[in-house]
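Visitor: make a model of this:
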Amino acid sequence: MAKKHEEPEKNEKEPAAPEAAKQAEAPKQPEGSKQKAESKQPDALEQAKAAQAQEHDQFLRLAAEYDNFRKRTQREKDGIYQDAVADTVKKFLPVYDNLERALHHETADEAYKKGVEMTLTELVKILDALGVKPFGEAGETFDPQRHNAVMHIEDESLGENVIAEVFQTGFAHGDKVIRFAMVKVAN
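Guide: Next comes the predicted model:
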């Protein structure tokens, strides 16, 4: 009976030994797995945060690039419009000059003079509607950025760098000078 009794003890010990080994190993695996999982989670979390930050940065750059493109095309569009107005007005300025000369010319026909005056007035209204302003009146201060001095006189009754006479009216569209005023400057 001792043999039988020993065998069952062996049988009982055999299953117990693998269970003990499993139990001894089982706590180690979860701890190791937890450590590996914990070490993998911060790495994965950091990688996800870095990827999200990179995507956000790319999005911001793209949005800024689009905004710059939009502003640049608007400036170009405004510049093209201003250039087109300036080019068109330049072509009509000889007509303005001729009407102005005809208005200052002596004539006996009052209807003719009135017609020229009305035509010149209408042309000035159209130019004004386009944003084109005439400049260069006698008595203004000479500005080399806007005036072209073709003559110089010494006159004590006028101040220094004052326009004495205007030979040709200047025109500007906004800040852009379309045609410089041709003037005579005193002192």
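Visitor: what residues are up against the most centrally placed residue in the chain?
Guide: What sits nearest the mean C-alpha location of the chain, by CA atoms, centre = their mean, is Lys71, with 3.2 Å. With CB atoms under 8 Å, 6 or more residues apart in numbering as the criterion, no residue contacts Lys71. The C-beta positions use only the backbone N, C-alpha and C, and glycine is treated the same way.
Visitor: likewise His152?
Guide: 184-186.
Visitor: looking at these, which is nearest Tyr81?
Guide: Nearest to Tyr81 among the contacts of His152: Val185, at 33.8 Å, using CB to CB.
Visitor: which residues sit against the helix or strand hosting that closest one?
Guide: Using DSSP states H and E, Val185 falls within strand 181-186. With contacts defined as CB under 8 Å, 6+ apart, strand 181-186 is touched by 135-136, 142, 146-155, 158-170.
Visitor: let's see which of those end up in helices.
Guide: With helices defined by DSSP state H, no entry of the contacts of strand 181-186 lies inside them.
Visitor: are any of those buried, and if so which?
Guide: Among the contacts of strand 181-186, those buried by neighbour count (16 or more other CB atoms under 10 Å) are 135-136, 142, 146-147, 158, 162-164, 166, 168-170.
Visitor: what about those residues, which are in strands?
Guide: Using DSSP state E, 135, 147, 162-164, 166, 168, 170 are the members of these that sit in strands.
Visitor: and the strands in this protein?
Guide: 132-135, 147-153, 162-168, 170-173, 176-179, 181-186.
Visitor: now those strands as a markdown table including distance to Leu103?
Guide: A markdown table is the format used below for the strands of the chain (distance: least, CB to CB, whole Å):
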| stretch | distance to Leu103 |
| --- | --- |
| strand 132-135 | 14 |
| strand 147-153 | 22 |
| strand 162-168 | 14 |
| strand 170-173 | 17 |
| strand 176-179 | 19 |
| strand 181-186 | 18 |
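Visitor: many thanks, I have nothing further to ask.
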